[in-house]
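J.: Have a look; sequence and predicted model below, questions after that.
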Amino acid sequence: NIHSQRNKLDDLNNQANELKAAIIQAKLLNAQLNQENDELRVDNNKLRSDNDNLKIQLDVSRNSKSTNDKSLDFKIKDLQKVLDDLQNQHADLLTKYGITKEQLAAALKNNDSLKATFLALQSE
């Protein structure tokens with residue numbers, strides 16, 4: 001009887017240690033996702049700033065008539081291409097941000113589940 005209780009206690013300790021390790025992994029993943037989220041936010045802000053600057057440059061280019069219309073048209077087309085590229089990058093960043101946000105939510109949910117399991121095991 002004492003032997004079976006000791007085995008049960010050892011099993012519970014092993015499970016608790018596994019849960020502790022899983023919680024640590026979830027916390028590390030959470031920190032990594034937070035860092036990636038911050039990096040994406042910085043990149044997103046930079047792209048928005050670049051995008052705004054290019055829009056201003058594009059508006060200025062369109063509003064000022066140059067004596068060389070062909071040169072101006074080429075500049076406008078180049079700026080439009082850059083602007084389109086930045087908008088595509090911005091859309092990609094928003095997609096990555098959404099994915100990272102979902103991963104973070106899943107990691108937090110998993111962490112909460114592991115905590116609940118750990119607490120339940122401790123109370124046994």
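T.: Yep, it's here. No experiment lies behind these values; they were computed from the predicted model shown.
J.: Show me what stretch 117-124 is in contact with.
T.: 12, 15-16, 19-20, 23 (Cβ atoms under 8 Å, 6 or more residues apart in numbering). (Glycine included, C-beta is placed from N, CA and C.)
J.: Low-confidence stretches in the protein?
T.: Low-confidence segments of the chain (pLDDT under 70): 64-68, 124.
J.: that older thread, wait, which of the contacts of stretch 117-124 is closest to residue 90?
T.: Taking Cβ to Cβ as the measure, residue 90 lies nearest residue 23 of the contacts of stretch 117-124, at 35.9 Å.
J.: helices or strands up against the longest helix along the chain?
T.: The residue-count maximum for a helix in the chain (DSSP state H) belongs to helix 2-63. On a contact count with 3 or more Cβ pairs under 8 Å, 6 or more residues apart in numbering; DSSP states H and E, helix 2-63 meets helix 69-123.
J.: what's the angle from the helix it packs on to helix 2-63?
T.: 160 degrees (axes from the mean of the first three to the mean of the last three Cα atoms, to 10 degrees).
J.: Please compute how far helix 69-123 lies from its chain's middle.
T.: 5 Å (Cα atoms, centre = their mean, to the nearest Å).
J.: ok, now stretch 7-22?
T.: 32 Å.
J.: List the buried residues for that stretch?
T.: 19, 22 (16 or more other Cβ atoms under 10 Å).
J.: And for stretch 50-63?
T.: 51, 54, 58, 61.
J.: didn't the second one look like it was pressed against residue 84?
T.: Translated: residue 54. No. Taking contacts as Cβ atoms under 8 Å, residue 54 lies outside contact range of residue 84: 9.9 Å.
J.: Which one of the buried residues of stretch 50-63 is nearest to residue 89?
T.: residue 51 (9.0 Å).
J.: what about residue 77, neighbour count?
T.: 10 (other Cβ atoms under 10 Å).
J.: Oh, that last question was meant for residue 114, not what I typed.
T.: 20.
J.: For the buried residues of stretch 50-63, could you give me TSV that also reports distance to residue 2?
T.: TSV is the format used below for the buried residues of stretch 50-63 (distance: Cβ to Cβ, whole Å):
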residue	distance to residue 2
51	72
54	77
58	82
61	87
